[in-house]
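S.K.: Predicted structure and sequence below. I'll ask about it afterward.
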Amino acid sequence: MPRTPPSSRLAATEVTPSPSQASDMRLVDDVQQRLLAVAHRRTLARGESLFHKGSSPDALFGVVSGSLRVSVVAPGGREAVIAMLEPGHWFGEVSLLVGRERVYDTFAVDVTEMAVVAAADFHRLIADHPDVHMAFTRLVCLRLRQALAWIDDVILMPLPVRLAHRLLTLDARAAVPGDASGGTTLGVSQEDLSFMLGVSRQSVNRQLKLWEEDGTLRVRYRSIELLSRAQLERHAAALR
């Protein structure tokens, strides 16, 4: 079964507490309730853009259902996937706080429902409610730590360790039920993983096949079924 419980996602009208299982990157329920109270809804078709790099910061966004691909494109056309955002994740606050244009592109991986908080409402909330301001300060700090850890991994860690860490991170956010075998299905393709790690798809495929042979996971069409998180954690700790 997935490790991200339905209660930690953005509900249509409410957010039910689940503090013991919610991701560190999710806002506490009281803050989510304040945001949802002033948000309107927007539905994106598969492949539709939410915003592009360079666009003005006009809103804060939360994923209600579906998922978003966050990426940047180099001048030569090569794409680097920064993150896959699942239900329960809010984003876009940095551009709002600093008043600068967006620095990445976002596209819906499948049909995705968004909660959209207008910039004026966001600024009013953080001015009037210290708990909302502190929640976003904490979120920005966590994302900075995550970015620094990613830089360390790129510089210091071999591909198998980096790939294992990436899959573990996706597993913590997973919102796609597994099949009857009880595995967790991660809605990410081998191509997505190669973009995230800055390596070739062939390199990712070779490593995934090795882990498929030892029973850690199963490679599926545009997804990975994680069969043993404990075994993947051992791969992540190897050679460190």
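M.R.: Structure received.

S.K.: CA atoms for contacts and neighbours, from now on please.
M.R.: Will do.

S.K.: Return the residues in contact with Ala127.
M.R.: Counting by C-alpha atoms under 8 Å, 6 or more residues apart in numbering, Ala127 touches His133.

S.K.: Also Tyr104?
M.R.: Here Tyr104 is in contact with His52, Lys53, Gly54, Val70, Ser71, Val72 (C-alpha under 8 Å, 6+ apart).

S.K.: Mean pLDDT per helix and strand in the chain: which one sits at the bottom?
M.R.: Each helix and strand of the chain was given a mean pLDDT (mean pLDDT, DSSP states H and E); the minimum falls on strand 79-85 at a mean of 80.

S.K.: so what strands line up beside the helix or strand just after that strand?
M.R.: Per DSSP states H and E, the first helix or strand lying C-terminal to strand 79-85 is strand 90-91. Strands that pair with strand 90-91, judged by DSSP bridges, come out as strand 59-65 (antiparallel).

S.K.: Okay, angle between the strand it pairs with and strand 79-85 too, please.
M.R.: 70 degrees (axes from the mean of the first three to the mean of the last three C-alpha atoms, to 10 degrees).

S.K.: Report the rounded mean pLDDT for strand 59-65.
M.R.: On average, the pLDDT along strand 59-65 is 95.

S.K.: and the gap between Met134 and Ala39?
M.R.: 20 Å (C-alpha to C-alpha, to the nearest Å).

S.K.: repeat for Leu96
M.R.: Leu96 is 15 Å from Ala39, by C-alpha to C-alpha.

S.K.: cool, Arg229 as well?
M.R.: Applying C-alpha to C-alpha to Arg229 and Ala39 gives a distance of 36 Å.

S.K.: So which of those two has more stuff around it?
M.R.: Ala39 (20 against 17; other C-alpha atoms under 10 Å).

S.K.: what's the more buried one in contact with, if anything?
M.R.: Ala115, Val116, Val117, Ala118 are the contacts of Ala39 under C-alpha under 8 Å, 6+ apart.

S.K.: Tell me, how many residues neighbour Leu36?
M.R.: 20.

S.K.: ah, wrong one, I meant Glu101
M.R.: 16.

S.K.: these two touch, right, it and His52?
M.R.: No: in terms of C-alpha atoms under 8 Å, Glu101 does not count as a neighbour of His52; the distance is 9.5 Å.

S.K.: Tell me how far Gly215 lies from Val73.
M.R.: Separation of Gly215 from Val73 (C-alpha to C-alpha) stands at 35 Å.

S.K.: For the most centrally placed residue in the chain, which non-adjacent residue is spatially closest?
M.R.: Residue closest to the average C-alpha location in the chain (C-alpha atoms, centre = their mean): Leu85, at 3.1 Å. In this structure, Leu85 finds its nearest non-sequential neighbour in Leu68, 5.0 Å apart by C-alpha to C-alpha, 6 or more residues apart in numbering.

S.K.: contacting residues around the residue nearest to Phe91 when sequence neighbours are not counted?
M.R.: Once flanking residues are discounted, Phe91 sits nearest to Phe61: 5.5 Å by C-alpha to C-alpha, 6+ apart. For Phe61, the contacting residues are Trp90, Phe91, Gly92, Met114, Ala115, Val116, Val117, by C-alpha under 8 Å, 6+ apart.
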